[in-house]
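1. Fold the following and give me the result.
(one chain, ligands or ions: 1)
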Amino acid sequence: MKRPATPASRWTAPLIALAPLSQGALLVALAGGWKAPVPALAALSLAATSLAAVLALRALRSARQQAAEARRTLEEAIDALPASVEIFDRHDRLVAYNQRLVEIYPHMRPLFERGASFEELARASLARGGIPDAVGREEEWLLERLASRKTEREPLLQRVHDERWLRIFERRTPSGGIVGVRLDVSDLVHEQQRLAASQAHLQALIRVAQNGVLTLDRSGHVLELNPACEQLFGFVADELRGSHIELLFGAGLNGPASGERLLPAALVGGPRELTARHRDGRELTLQLSVAEVRTETTDRFVAIITDLTERKLQEVRLREANALLARQSTTDGLTGVGNRRLFDQTLLQEWQRSARAGSSLALLLVDIDHFKQYNDHYGHVAGDDCLRRVASLLRSCVGRSGEPVCRYGGEEFAILLVDTDLAGAQVVAQRCLDSMRLAAIEHAGAPTRPTVSLSIGVVARCGDAQQPAQSLIEQADAALYQAKQQGRARMVCAAPRAA
Ligand SMILES: Nc1nc2c(ncn2[C@@H]2O[C@H](COP(=O)(O)OP(=O)(O)OP(=O)(O)O)[C@@H](O)[C@H]2O)c(=O)[nH]1
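-> Modelled structure (predicted):
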């Protein structure tokens, strides 16, 4: 490449042209000794000057070569860097840059030239939409950016085309220039964005979750809690943060030995059911599941709490309602004693049990005498009342629980006596007759006596798997019929069945 003449080469060129001549004069001067004539001395001086010039010229060339070499080395070095590098002089003009800078800003390729000012380059980039975050506020952005170059500050994070992100480090050099390094941190930023999005998603889920969510440190102190948890225990988050988990669950858990603190590690797993107290003292039934979340930097525990209090209450209410329904389904609505359904069920059970155990089962069929006349005389409502009084009397005559007095139908009652032989059954039947007599319920309509009386058919035998339970009723009914036939107000025991 032909270089243009420099000032140095302009004055050294004539000297170089004279050099052969001056060397000859120098030889003549030396041959003639130091006392040479004046023309010889002049020639000598000229030769010396020429020599100095030659040497200076060589030194200059060598310095130039070294400078070019150094620059090439510098350019190769910054080209080899994975980050983009740019160097501006103290007038903020581009002195050097590497290929990576052009790759990052491809739309600026023709404009990256040594001598271009930072402001020119920035304006050109803005005009080409190279800084998406500055679109619509280019001048404002430029002013901020130029101001930022005058101060040493934190590295900038800048979004460029195609969702690429750069971390820009700028440092002043001692001579007032600026060295800029741009690192492509897109992967990192994208990862952070994904992480932030997933965290926001998770936070939203936790915020609106119906279950209480608590995070705890290793020692069991509350770090965070969600609104459901605040509501569950009646505390606001600030009151619970930093407090120990025992404040919430202490009493409801089988905690460690006295004196030792409850640690969340001991609660990992679940779900487990426990009781706790609301701030207002109400007892809560809760379900607790705890998981350990261990990362390289943290060790935390997450507790999920479900409030079962209302569900438990409903279960109790449901159980009570079912029990009531069951009672109602086996209770006679008028008299409050067992109904026919209960009698049938109990008879079947006891008949089979008696057959298995070989024990005696007794049945009393009790009928109010002349009850039609009672109704006719006193009216149906009074008749109902009489039925209730008789039922109550009969119940008081049966000592053992599990031996229900049942309304068998109309004005007829049935009493099952388990593990009771005929003698025992007769005792109970007699007690019923005596009670009735003592009660002396007026019966003005009765043809025989002025008070309400009972007729009772009594039977006692061992259950028989080969025969239906109904056979016991038939025997008692036959005995009852005889009691009616024999004048009422009495008991008749059924004759033993023929084998
Ligand atoms: N008030 C009332 N009466 C009832 C009820 N169930 C049945 N009766 C009446 O009981 C009476 C039974 O009459 P009967 O079967 O002739 O028997 P009785 O009049 O008691 O005569 P004996 O049994 O032979 O002494 C009928 O008049 C029925 O209407 C009831 O729930 N309330």
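
2. Pick out the residue in the stretch 151-300 of the chain sitting closest to the ligand.
-> Closest to the ligand within the stretch 151-300 of the chain is residue 285: 45.5 Å, counting by C-beta to the nearest ligand atom. Where C-beta positions appear, they are placed from N, C-alpha and C, glycine not excepted.

3. With the chain instead?
-> residue 383 (2.6 Å).

4. Thought residue 374 was touching that residue, still the case?
-> Yes - shown here, residue 383 and residue 374 form a contact pair, counting by C-beta atoms under 8 Å, at 5.7 Å.

5. So the two - more neighbours on which side?
-> A direct count of neighbours by other C-beta atoms under 10 Å for residue 383 and residue 374 places residue 374 higher, at 24 against 18.

6. Shouldn't the residue of the chain closest to the ligand be within a helix?
-> Yes - Residue 383: assigned to a helix according to DSSP: H, G, I helix; E, B strand; the rest coil.

7. mind checking how far it is from residue 435?
-> Separation of residue 383 from residue 435 (C-beta to C-beta, to the nearest Å): 19 Å.

8. before we move on, what about residue 467?
-> For residue 467, the distance to residue 435 - C-beta to C-beta - is 32 Å.

9. With residue 411 instead?
-> Applying C-beta to C-beta, the value for residue 411 to residue 435 is 17 Å.

10. neighbour count winner among those two?
-> Using other C-beta under 10 Å as the criterion, residue 411 and residue 435 rank with residue 411 on top: 21 against 16.

11. wait, the more buried one sits on residue 370?
-> No - counting by C-beta under 8 Å, residue 411 stays clear of residue 370, with 9.6 Å between them.

12. Next, the buried residues of the longest strand along the chain.
-> Criterion DSSP state E: the longest strand present in the chain is strand 283-294. Buried residues in strand 283-294, counted by 16 or more other C-beta atoms under 10 Å: 284, 285, 286, 287, 288, 289, 290.

13. My guess is residue 361 contacts residue 472. True?
-> Yes - the pair residue 361 / residue 472 is scored as a contact, 7.0 Å apart, by C-beta under 8 Å.

14. Now for the two: what residues contact both?
-> Jointly contacting residue 361 and residue 472 under the rule C-beta atoms under 8 Å, 6 or more residues apart in numbering are 351, 461.

15. Now do the helices in the stretch 1-150 of the chain.
-> Assigned helices in the stretch 1-150 of the chain, in chain order: 7-31, 38-80, 99-104, 118-127, 138-150 (criterion: DSSP state H, counting those that start in this stretch).

16. Show me which residues of the third one are buried.
-> So the one you mean is helix 99-104. Going by neighbour count (16+ other C-beta under 10 Å), the buried part of helix 99-104 is 100, 101, 104.

17. What is the neighbour count of the closest residue to the last one other than its chain neighbours?
-> Excluding its sequence neighbours, the residue lying closest to residue 104 (C-beta to C-beta, 6 or more residues apart in numbering) is residue 84, at 5.3 Å. Other residues within reach of residue 84 by the criterion other C-beta under 10 Å amount to 22.

18. With residue 365 instead?
-> For residue 365, using other C-beta under 10 Å, the count is 26.

19. Which other helices and strands does the helix or strand that comes right after the longest strand of the chain contact?
-> Toward the C-terminus, strand 283-294 is succeeded by strand 299-307 as the next helix or strand (DSSP states H and E). In terms of contacts (3 or more C-beta pairs under 8 Å, 6 or more residues apart in numbering; DSSP states H and E), strand 299-307 is packed against strand 212-216, helix 227-233, strand 283-294.

20. Name the next helix or strand following the first one along the chain.
-> Next in sequence after strand 212-216, counting helices and strands by DSSP H and E, comes strand 222-225.

21. Quick one: list the elements packing against that next one.
-> Packed next to strand 222-225, using 3+ C-beta pairs under 8 Å, 6+ apart, are strand 212-216, helix 237-240.

22. CA-only coordinates of the last one, as CSV, when you get a sec.
-> Listed in CSV are the C-alpha atoms of helix 237-240, where the atom choice follows Å, rounded to 0.1, in the frame of the first residue of the first chain:
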residue,chain,number,x,y,z
ALA,A,237,-49.6,-12.1,59.1
ASP,A,238,-47.4,-9.6,60.9
GLU,A,239,-48.4,-11.1,64.3
LEU,A,240,-47.5,-14.6,63.2
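
23. got a list of contacts for that helix?
-> With contacts defined as C-beta under 8 Å, 6+ apart, helix 237-240 is touched by 222, 224, 225, 229, 230, 233, 247, 248.

24. roughly how far is the next helix or strand after it from the heart of the chain?
-> Next helix or strand after helix 237-240 toward the C-terminus (DSSP H and E): helix 246-249. Remark: helix 246-249 is offset 19 Å from the chain centroid, using C-alpha atoms, centre = their mean, to the nearest Å.

25. partner strands of the following helix or strand past helix 246-249, parallel or antiparallel?
-> For helix 246-249, the following helix or strand on the C-terminal side (DSSP H and E) is strand 269-277. Strand 269-277 pairs in its sheet with strand 283-294 (antiparallel), by DSSP bridges.
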